[in-house]
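S.K.: after the sequence you'll find the predicted model.
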Amino acid sequence: MYRSQQLALKYLTAAIALFGVMIIAGLLSACYYVHPDLLFGILHFNIAKILHIDTMIIWLLMGFMGAIYWFLPGEFGRELAGIKAAEILFYVFCVAVAVVAVVFIFVQYGGSDEAALWLINQGRKYVEAPRWAAISVVVVMAVFAYNVLGTAYAARKITGVTAVLMVDLIPLLALYLIAFPAISNMSVDLFWWWWLVHLWVEATWEVLIGCIMALTLMQLLGTSRRIVETWLYIEVALVLGTGILGLGHHYFWIGTPSYWLAIGGFFSALEPLPLLGMVVHAIYDAGTHRMKTTNQPAFYWMLAEAFGNFLGAGVWGFMITLPQINLYAHGTQWTVSHGHFAFWGAYACGVLSVVYLVLQKTRGLTHVDGALWKWSFAALNLGIVGMVGGLLVSGVAQAFVERAIGGSTHAAFIAGQENQWFVEGMVTRLVFGFVFAAGYVVLVWDMVTLGKRLPVPAKLQAAE
Amino acid sequence: MTALNLMVTALSLGLYVALAGSYGLSYAIARLRGGGNLPRGPLIIYGLHGATAIFIVVWTPLQIGWKGLIVASSIAFLVLPPITWRFLEYTHETEVSG
């Protein structure tokens, strides 16, 4: 095994651990909605929410990096350039994440000064990490980019997938730099901040996961390089074509010119089209392999990615993306529902698929199947659907009571929060959050013991 | 837009895309099972999708431009699964023969 692949194992392990932290922080955040006085004066809701959202980003990012570190030596036929730096920076990354989490929990917030920005919290949603930690992320990503580009240069070899990956690394790194400026004009600040949040998620991450899924398909299903690369180009063109200007749906109500209503609405409305193509493609692959591969969990998680992406980003997104609807729905639990479903479908399922694939290779298993992964698959997907359903009910109640009837006044906000549909939706989200957490526990147990559990007949033989 | 209009319109838009997805899903399954170019089941689902599109165009207060986009998207949703399927078959066949 290459050192890069050993590093991949570390990244994927860290990703799965942070996935657990994200779930705990999410459960805590969900509890606040049901019991608003929970941990009053000890740990504020906003800290739990920051931990939930930031660990979500970091675990997925680590999952992507782990996947790339795993696949690249195979693509280039050699060890990665700068692997020593990458190994060191893995620990730097982990320590930075741990220190930031400790600061968030125990210090929570500082004054309105530069020191607070550098040491405690930058105060910008999704990129709250203090500047020193954000600089660490930049260094890690820069070395990651060097690993890819330097190896391609050293190997004098570029494949279609790695070419797309290399181009994608430029905006992946450059857009994160928007995490730094402290712009005092809120409209200007949000204008650029959405470049980071939206273009990372709906452009660079989509391309990154597209590359990872292309490489996974080749290993998992033995699909030829020519086919996956052809589809990767098509997917990238469609996703970028709709995703980049789909950015406009975040510009509807932040003080930008009104033409963004038309641009954002139009391109966002096109986003379900490539996702439908992915669903058809997934069925084609599933059918030609008769739902059987040597790695069933990896295969099913890959299918879940196509369907989850369509439902979460396509269906849930389309409900609220046109400006006339978005006027009432933005910033409610409706958008939270969409966000949960879309992230789960578009990224989380893909990372879990890669983890199972890597486990199969590292543990030398000819066949991966069993009951545990099915239980975790069922519980995690049931959990997310239940959570998303609860959030949808709450969000619709908010849009209806608080926005459309109440006209977004403070009294209307309170009326929305006290509305029975809203409250019951939040309770439902919490209940299914525990189902999701149970699925995670089974998932981890399955991953830890995969290949170490003897099948029942073998156990009987051993006993005799 | 009234509060009721908001809910009806948003949920119709969700149903509209969900039915488009169901059409694509059922089309792919029908083709896997050896159905022809225009299998009946998927066409029925597409009919429901079309009915939802008509409902959105006729009864919701969306502006005319968005209604035009709904109609255009419905056409795209209709042709996308067959085109994707044909291209998938083409790429895999040429791979085998090549």
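M.R.: That came through, no problem. Numbering: from 1, shown residues only, chains lettered A, B, ... in the order given.

S.K.: now do the buried residues in the lengthiest helix in chain B.
M.R.: The residue-count maximum for a helix in chain B (DSSP state H) belongs to helix B:64-97. Going by neighbour count (16 or more other Cβ atoms under 10 Å in any protein chain shown), the buried part of helix B:64-97 is B:66, B:69-70, B:73-74, B:77-78, B:80-82, B:84-85, B:87-88, B:91-92. Heads up, the C-betas are built off the backbone N, CA and C, glycines and all.

S.K.: same check, this time on stretch B:30-46
M.R.: Applying 16+ other Cβ under 10 Å to stretch B:30-46 flags B:30, B:31, B:35, B:39, B:42, B:45, B:46 as buried.

S.K.: of the residues you listed, which belong to helices?
M.R.: Going by DSSP H, the helices hold B:30, B:31, B:42, B:45, B:46 from the buried residues of stretch B:30-46.

S.K.: need the contact list for the residue lying closest to the second one once chain neighbours are set aside.
M.R.: Counting by Cβ to Cβ, 6 or more residues apart in numbering or on different chains, the nearest residue to residue B:31 once its immediate chain neighbours are dropped is residue B:85, at 5.5 Å. The neighbourhood of residue B:85, defined by Cβ atoms under 8 Å, 6 or more residues apart in numbering or on different chains, consists of A:280, A:284, B:27, B:28, B:31.

S.K.: of these, which belong to helices?
M.R.: A:280, A:284, B:27, B:28, B:31.

S.K.: ok, back up a step: got JSON lines for the buried residues of stretch B:30-46, with pLDDT and distance to residue A:237 too?
M.R.: Formatted as JSON lines, the buried residues of stretch B:30-46 follow (pLDDT from 0 to 100; distance: Cβ to Cβ, whole Å):
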{"residue": "B:30", "pLDDT": "92", "distance to residue A:237": "28"}
{"residue": "B:31", "pLDDT": "91", "distance to residue A:237": "24"}
{"residue": "B:35", "pLDDT": "72", "distance to residue A:237": "29"}
{"residue": "B:39", "pLDDT": "82", "distance to residue A:237": "29"}
{"residue": "B:42", "pLDDT": "94", "distance to residue A:237": "26"}
{"residue": "B:45", "pLDDT": "97", "distance to residue A:237": "28"}
{"residue": "B:46", "pLDDT": "97", "distance to residue A:237": "26"}
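
S.K.: go through those and name the one nearest residue A:366.
M.R.: residue B:31 (31.7 Å; Cβ to Cβ).

S.K.: hang on, that closest one packs against residue B:39?
M.R.: Yes. In this structure, residue B:31 is within contact of residue B:39 by Cβ atoms under 8 Å, at 7.1 Å.

S.K.: where's the spatially most central residue of chain B, which helix or strand?
M.R.: Centroid-nearest residue in chain B: residue B:20, 2.9 Å away (criterion: Cα atoms, centre = their mean). Element membership for residue B:20 (DSSP states H and E) is helix B:3-32.

S.K.: so what secondary structure elements neighbour that helix?
M.R.: Packed against helix B:3-32, as judged by 3 or more Cβ pairs under 8 Å, 6 or more residues apart in numbering or on different chains; DSSP states H and E, are the following elements: helix A:272-288, helix A:316-321, helix A:323-329, helix B:40-59, helix B:64-97.

S.K.: and the helices in the stretch 251-400 of chain A?
M.R.: Along the stretch 251-400 of chain A, counting by DSSP state H, counting those that start in this stretch, helices occupy A:259-270, A:272-288, A:296-309, A:316-321, A:323-329, A:333-343, A:349-362, A:372-397.

S.K.: please state the offset of the fourth one from the chain centre?
M.R.: The reference is to helix A:316-321. Between the centre of helix A:316-321 and the centre of its chain there are 19 Å (Cα atoms, centre = their mean, to the nearest Å).

S.K.: can you check the third one too?
M.R.: Mean C-alpha position of helix A:296-309 versus that of the full chain (Cα atoms, centre = their mean) differs by 14 Å.

S.K.: what angle separates that helix from helix A:349-362?
M.R.: 170 degrees (axes from the mean of the first three to the mean of the last three Cα atoms, to 10 degrees).

S.K.: same for helix A:296-309, what does it pack against?
M.R.: helix A:205-220, helix A:272-288, helix A:349-362, helix A:372-397.

S.K.: repeat for the second one
M.R.: Judged by 3+ Cβ pairs under 8 Å, 6+ apart, helix A:272-288 is in contact with helix A:225-243, helix A:296-309, helix B:3-32, helix B:64-97.

S.K.: just the ones in helices among the buried residues of stretch B:30-46 now: which is nearest chain A?
M.R.: residue B:31 (8.3 Å; Cβ to the nearest Cβ).

S.K.: quickly find the element holding residue A:26.
M.R.: Applying DSSP H and E, one finds residue A:26 within helix A:3-34.

S.K.: mind listing what's buried in that helix?
M.R.: A:4-5, A:7-12, A:14-16, A:18-23, A:25-33.

S.K.: what's the answer for stretch A:277-296, then?
M.R.: Neighbour-count burial for stretch A:277-296 [16+ other Cβ under 10 Å]: A:277-286, A:293-296.

S.K.: and for stretch A:204-215?
M.R.: Neighbour-count burial for stretch A:204-215, counted by 16+ other Cβ under 10 Å, picks out A:204, A:205, A:206, A:207, A:208, A:209, A:210, A:211, A:212, A:213, A:214, A:215.

S.K.: surely the third one is in contact with residue A:343?
M.R.: No. Taking Cβ under 8 Å as the definition, residue A:206 is not a contact partner of residue A:343, at 11.8 Å.

S.K.: any regions of chain B where pLDDT drops low?
M.R.: B:37, B:95-98 (pLDDT under 70).

S.K.: show me what contacts residue A:424?
M.R.: A:390, A:393.

S.K.: just how off-centre is the helix or strand containing it within its chain?
M.R.: Using DSSP H and E, residue A:424 sits within helix A:420-449. From the chain centre to the centre of helix A:420-449 is a distance of 17 Å (Cα atoms, centre = their mean).

S.K.: next, the angle from that helix to helix A:372-397.
M.R.: If you take the same axes, to 10 degrees, helix A:420-449 sits at 160 degrees to helix A:372-397.

S.K.: list the buried residues of helix A:420-449.
M.R.: Those would be A:421-422, A:425-426, A:428-440, A:442-443, A:446-447, for helix A:420-449 by 16+ other Cβ under 10 Å.

S.K.: circling back: ok, the buried residues of stretch A:204-215 vs residue A:165, which is closest?
M.R.: Nearest to residue A:165 among those, counting by Cβ to Cβ, is residue A:211 at 4.7 Å.

S.K.: per-residue pLDDT, the closest residue to residue A:248 other than its chain neighbours?
M.R.: Nearest residue to residue A:248, sequence neighbours excluded (Cβ to Cβ, 6+ apart): residue A:264, at 2.5 Å. On pLDDT, residue A:264 comes in at 93.

S.K.: do you know how far residue A:264 is from residue A:199?
M.R.: Between residue A:264 and residue A:199 the computed distance is 13 Å (Cβ to Cβ, to the nearest Å).

S.K.: residue A:62 touches residue A:15, doesn't it?
M.R.: Yes. With contact defined as Cβ under 8 Å, residue A:62 counts as touching residue A:15 (4.0 Å).

S.K.: picking up where we left off before, a markdown table for the helices and strands packed on helix A:272-288, including distance to residue A:57?
M.R.: A markdown table is the format used below for the helices and strands packed on helix A:272-288 (distance: least, Cβ to Cβ, whole Å):
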| stretch | distance to residue A:57 |
| --- | --- |
| helix A:225-243 | 18 |
| helix A:296-309 | 18 |
| helix B:3-32 | 27 |
| helix B:64-97 | 31 |
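
S.K.: quick one: which of the ones you listed is nearest residue A:77?
M.R.: helix A:225-243 (13.7 Å).

S.K.: using CSV, list the CA coordinates for that closest one.
M.R.: The C-alpha trace of helix A:225-243 is given here as CSV (Å, rounded to 0.1, in the frame of the first residue of the first chain):
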residue,chain,number,x,y,z
ARG,A,225,-12.3,4.8,-18.1
ARG,A,226,-13.6,6.1,-21.4
ILE,A,227,-17.2,5.8,-20.2
VAL,A,228,-16.7,7.4,-16.8
GLU,A,229,-14.7,10.2,-18.3
THR,A,230,-17.3,10.9,-21.0
TRP,A,231,-20.0,11.1,-18.4
LEU,A,232,-17.8,13.1,-16.1
TYR,A,233,-17.3,15.8,-18.7
ILE,A,234,-21.1,15.9,-19.4
GLU,A,235,-21.9,16.0,-15.7
VAL,A,236,-19.3,18.8,-15.1
ALA,A,237,-20.6,20.8,-18.0
LEU,A,238,-24.3,20.5,-16.9
VAL,A,239,-23.6,21.0,-13.2
LEU,A,240,-21.4,24.0,-13.8
GLY,A,241,-23.8,25.4,-16.4
THR,A,242,-26.7,25.4,-14.0
GLY,A,243,-24.8,25.5,-10.6
